[in-house]
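Enquirer: predicted model and sequence below, questions to follow.
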Amino acid sequence: MLRVMNTYDVIVIGGGPAGYNAAIRAGQLGLRVACVEGRPTLGGTCLNVGCMPSKALLHASELYEDAAGPAFAKLGIEVKPMLNLAQMMLQKDDSVAALTRGIEHLFRKHHVEWIRGWAQFETAQRLHVALATGEALSVEGKNIVIATGSEPTPLPGVVIDNRRILDSTGALALAEVPGHLVVIGAGVIGLELGSVWRRLGSRVTVIEFLDRICPALDGEIGKGLQRALARQGMAFRLGTKVMAAEVDSNTVHLSLDAAAGGSPERLSADYVLVAIGRRPYVGNLGLEAAGLAADHRGMLANSGHRSAVPGIWVIGDVTSGPMLAHKAEEEAIACIEVIAGQASAVNYAAIPNVIYTRPEVAWVGKSEEELKAEGRSYKVGKFSFLANARAKINHETEGLVKVLADAESDRILGVHMLGPGVSEQIAECALGIEFSASAEDLALTCHPHPTRSEALRQAAMDVHGWMMQA
Ligand code: FAD
Ligand code: NAD
């Protein structure tokens, strides 16, 4: 049965960080707004199968490893922990459920109507929604925001079954600790989820096509991260490609080849995680009916969040830029404010990145490699956590902070950190970039003692040669 509803000022397709933030902002600005989401819960990839469950397992596995290994004993805490994986998964699922219910609450608070179903374009302004109830609905929007997110990129020859060959969703919900986990792709997902399972007892081998891990990372920080993870027992096979995978009862047999060519090799594992990137998701959207087309990567291009068709907007993972929840949130706010007639824009130069391994990696702005490629003259200041008092006291001295500043203006161009708790420090640097701060501004700002943030100040001092604590 087809039901027809009223026209909205804004209909958002997708209830992830791009979609739910857009819908909430629209509600705040007094626009009549609906969000169409087909999953049974709001929050998209991030809350359901991405950022939040992975951080829940990273946190729990970090504590388990501390308790099980020499870290606690060194502090004089003698314990013999026992892993209860089912409980670890349960607390993760409980936290996720609370968070997704939180978005429902925010929708009610900000007058956002959640239409539970899958949307498809009928025209550029009208959507057909296949409701979860089995019914169908036709809705019209003066503005339609596409925020349909992304999905894992498949690897030819390695078919994900989420039994033995997993994507990130499968790797977040295993019922046992793998004896040997092979991760394909030394990117963010591979290193974070590889860390979870290594901490819980798996042997972990990471296979990467390129000759370095996390290609977007500043080279020096990337090498430091690889060294740290290798010391923890993670094995890396760089410059290697996986040609095929065969599942034989409970074992996966992989055929490997050197990326540059060579003689094939076999590697067996209990589980394989395929984490070679994500691609925009526009499946079943019926783009043609709206007069839209995705490019060869499935991506919907945008100019100031506008698609090629007036009145249709694109934000988040489904369009260009880093696939990050906070980038999606920024685009959501700017897009809705522009729809509401306000001046609003995203400063892509100030979007921070974090890898939640131990040590953590956090950065914002340009890497040294990017600055060199641009022919920009810059100064570098560095400070090692070895000389940071708080890190020393906590026995967490691995890593460094690196500040890159313009050689003439001293404006901060990039900050790159490898170390304890740096995910919580990088926002200060993003603020600095937003305010066009100089390295001197950072060096002259009082930082509390004893905190790891003092390492950042010392690195900024080092840009001008007056680092005081090393
Ligand atoms: P999504 O979150 O993918 O949401 C899109 C939503 O649209 C989905 O819920 C989908 O069901 C819905 N949808 C799609 N098509 C339709 C349709 N036709 N009708 C109705 N609904 C539809 N980012 C970070 O910043 N920090 C992290 O720590 C982090 N960790 C991650 C860990 C993992 C394992 C993964 C996989 C990702 C992680 N990310 C992280 C990336 C982050 O999850 C994404 O960048 C973010 O979710 C993108 O938001 P989005 O709203 O664009 O898309
Ligand atoms: P990624 O782009 O971070 O890393 C993929 C890695 O796989 C790269 O190093 C790439 O060189 C390698 N690769 C590609 N093809 C390969 C092949 N055939 N064989 C071996 N290696 C291959 O992608 P991801 O780790 O899958 O993450 C997807 C997205 O999710 C990222 O864009 C990231 O922004 C987002 N994410 C973010 C966080 C975070 O912010 N902490 C956490 C998880 C995911």
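Expert: Alright, I've got the coordinates. Quick caveat, the model's predicted, so the values are computed rather than measured. Numbers count the residues shown, from 1 in each chain. Ligands and ions are numbered 1, 2, ... in the order given.

Enquirer: would you list every one of the strands in the stretch 201-350 of the chain?
Expert: Per DSSP state E, counting those that start in this stretch, the stretch 201-350 of the chain carries strands over the ranges 203-207, 235-237, 240-248, 251-258, 265-269, 271-274, 278-280, 312-314.

Enquirer: quick one, which of these is nearest to ligand 2?
Expert: In terms of Cβ to the nearest ligand atom, the element of the strands of the stretch 201-350 of the chain nearest to ligand 2 is strand 278-280, at 4.2 Å. Bear in mind the C-beta positions are built from the backbone N, C-alpha and C, glycine included.

Enquirer: is the closest one in proximity to ligand 2?
Expert: Yes - using Cβ under 6 Å from any ligand atom, strand 278-280 reaches ligand 2 at Arg278.

Enquirer: adding distance to Glu331, mean neighbour count and mean pLDDT as columns, could you present the strands of the stretch 201-350 of the chain in a markdown table?
Expert: Formatted as a markdown table, the strands of the stretch 201-350 of the chain follow (distance: least, Cβ to Cβ, whole Å; neighbours: other Cβ atoms under 10 Å; pLDDT from 0 to 100):
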| stretch | distance to Glu331 | mean neighbour count | mean pLDDT |
| --- | --- | --- | --- |
| strand 203-207 | 31 | 22 | 98 |
| strand 235-237 | 34 | 18 | 98 |
| strand 240-248 | 34 | 17 | 96 |
| strand 251-258 | 38 | 17 | 95 |
| strand 265-269 | 38 | 15 | 97 |
| strand 271-274 | 27 | 26 | 98 |
| strand 278-280 | 13 | 20 | 97 |
| strand 312-314 | 9 | 26 | 98 |
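
Enquirer: so which of those strands is nearest Asn347?
Expert: Taking Cβ to Cβ, strand 312-314 is the member of those nearest to Asn347, at 18.7 Å.

Enquirer: contacts for that closest one next, please.
Expert: With contact meaning Cβ atoms under 8 Å, 6 or more residues apart in numbering, strand 312-314 is reached by 124, 143-147, 290, 292, 300-302, 305-307, 335, 339.

Enquirer: so how do I select the buried members of those residues in ChimeraX?
Expert: Applying 16 or more other Cβ atoms under 10 Å to the contacts of strand 312-314, the buried members can be selected in ChimeraX as follows:
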select :124,143,144,145,146,147,290,292,300,302,305,306,307,335,339
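
Enquirer: of the contacts of strand 312-314, just say which sits nearest to Thr41.
Expert: Using Cβ to Cβ, these come closest to Thr41 at Ala147, 15.8 Å.

Enquirer: list the contacts of the nearest residue to Gly179 once chain neighbours are set aside.
Expert: Counting by Cβ to Cβ, 6 or more residues apart in numbering, Gly179 lies nearest to Asp270, which is 4.8 Å off, once chain neighbours are set aside. Contact analysis of Asp270 by Cβ under 8 Å, 6+ apart lists Arg164, Pro178, Gly179, His180, Leu181, Asn250, Thr251, Val252.

Enquirer: test my guess that the first one contacts Val247.
Expert: Looking back up the chat, that one is Arg164. Yes - the criterion here is Cβ atoms under 8 Å, and Arg164 meets it with Val247 at 5.0 Å.

Enquirer: what's the span of stretch 296-303, first residue to last?
Expert: 18 Å (Cα to Cα, to the nearest Å).

Enquirer: ok, now stretch 114-134?
Expert: End-to-end distance of stretch 114-134 (Cα to Cα): 16 Å.

Enquirer: again, but for stretch 286-297
Expert: Using Cα to Cα, the two ends of stretch 286-297 sit 17 Å apart.

Enquirer: list the buried residues of it.
Expert: Leu287, Ala290, Leu292, Ala294.

Enquirer: what residues go with each domain of the chain?
Expert: 2-151+280-346, 165-276, 350-463 (automatic domain parsing).

Enquirer: sorry, back to before: lowest pLDDT pick from the contacts of Asp270?
Expert: Among these, Asn250 carries the weakest pLDDT, at 95.
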